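Participant: just the structure for this:
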Amino acid sequence: MDRGLYLASIFLITIGLLGVWLGSFADISESFKEMTPPALVVLLLGVFILPIALFKGGPPTPDAYIPIAFLLVTGFFLIGWDAMLGGGEEGEVVGNISLYLLMGEYWFNETNPNITVYQNYLVTVTLENVGEVAHSFLVNQVSEDSGYIFQGEVRQVSFIVNQEPGVYRYLCTVPGHVELGMWGWWIIEEPPSNTTQT
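Facilitator: Here you go, the predicted structure:
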C-alpha cells in the first residue's frame, strides 16, 4: 500500500463529502450550492485514487479499511439519508392555504414569522418586495426557489406540501441575506380531521 497516496485519497474523499453535503444537503444558505460541483470532482478524484493507493506496493493492512468504513457510514448519514429518505410522497391535495409575504431588507431578525401549514395542502404564496434590493423565497426541502424578486415586484408561487410534518426553514437565497437574518421557521402539521378548503 502506498501510504502517501492513501492519505491523500482519504483527505480528498473527506473534503469532497463535506463540500457536497454543505452545497446540496445542509440547511445553511443557498449560496453554498456553488461549492457542489467542485466538491463532487474532489470526491470522485479521491475515490479514483483510493484503490490505486491500496493495492500499490503490496496488499493493504487491515487497519487501512477503518477510515474507509468511517467515511462510508458518515457519507450515508450526511448525504444518503437526505437523498434517500428526505421528502415525502405526493398525496391527494386536501386543502388550500394562501399567504401574502412582504419582503424588505430592514426587517432582518425582527418580523420573520413562524408559518404553519398542513401536509398535503396546496400553498400559494404571494411575494411583494417593498425593499430597495432584490430578494427571493425558498422553503428548504419543500419548495423551489422563487428567483430574484426586484423592488416593487409582486410574484406568486404555488406548491404542494407533501413532506413529513416537522420544522423546516424558509429563507431569502440572495447571497448574504440568510446570514443577516432573513429566514424563519416553516412548520408542517398533519391536516385537521375536519379538513375544508381554506
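
Participant: and the protein, what are its domains?
Facilitator: Domain assignment for the chain by automatic domain parsing gives 3-85, 95-189.

Participant: what mean pLDDT does the shortest one get?
Facilitator: What it means is domain 3-85. Domain 3-85 shows a mean pLDDT of 79.

Participant: next: stretch 114-121.
Facilitator: Mean per-residue pLDDT for stretch 114-121: 90.

Participant: tell me which residues of that stretch are tucked away?
Facilitator: Within stretch 114-121, the residues scored as buried using 16 or more other CB atoms under 10 Å are 115, 117, 118, 119, 120, 121. Backbone N, C-alpha and C define where each C-beta goes, glycine included.

Participant: residue 51: which of these is nearest?
Facilitator: Nearest to residue 51 out of those is residue 119 (CB to CB; 44.8 Å).

Participant: the strands in the chain, which residues?
Facilitator: For the chain, the strands defined by DSSP state E cover 95-103, 115-118, 121-129, 138-139, 154-161, 166-171, 183-189.

Participant: leaving out sequence neighbours, find the closest residue to residue 138.
Facilitator: The spatially closest residue to residue 138, leaving aside those adjacent along the chain, is residue 145, at 4.6 Å (CB to CB, 6 or more residues apart in numbering).

Participant: just give me the neighbour total for the one you found.
Facilitator: 14 (other CB atoms under 10 Å).

Participant: wait, doesn't it sit right on residue 173?
Facilitator: Yes: using CB atoms under 8 Å, residue 145 is in contact with residue 173, at 5.5 Å.

Participant: quick check, residue 8 in contact with residue 52.
Facilitator: No: if you go by CB under 8 Å, residue 8 and residue 52 don't touch, sitting 10.5 Å apart.

Participant: ok, these two, which is more surrounded?
Facilitator: residue 8 (16 against 12).

Participant: check contacts around the more buried one.
Facilitator: Counting by CB atoms under 8 Å, 6 or more residues apart in numbering, residue 8 makes contact with 46, 49, 53.

Participant: mind listing which of the residues you listed are in helices?
Facilitator: Among the contacts of residue 8, DSSP state H puts 46, 49, 53 in helices.

Participant: circling back: of the buried residues of stretch 114-121, which pair is most distant in space?
Facilitator: Of all pairs drawn from these, the greatest distance, 16.5 Å, lies between 115 and 120 (CB to CB).
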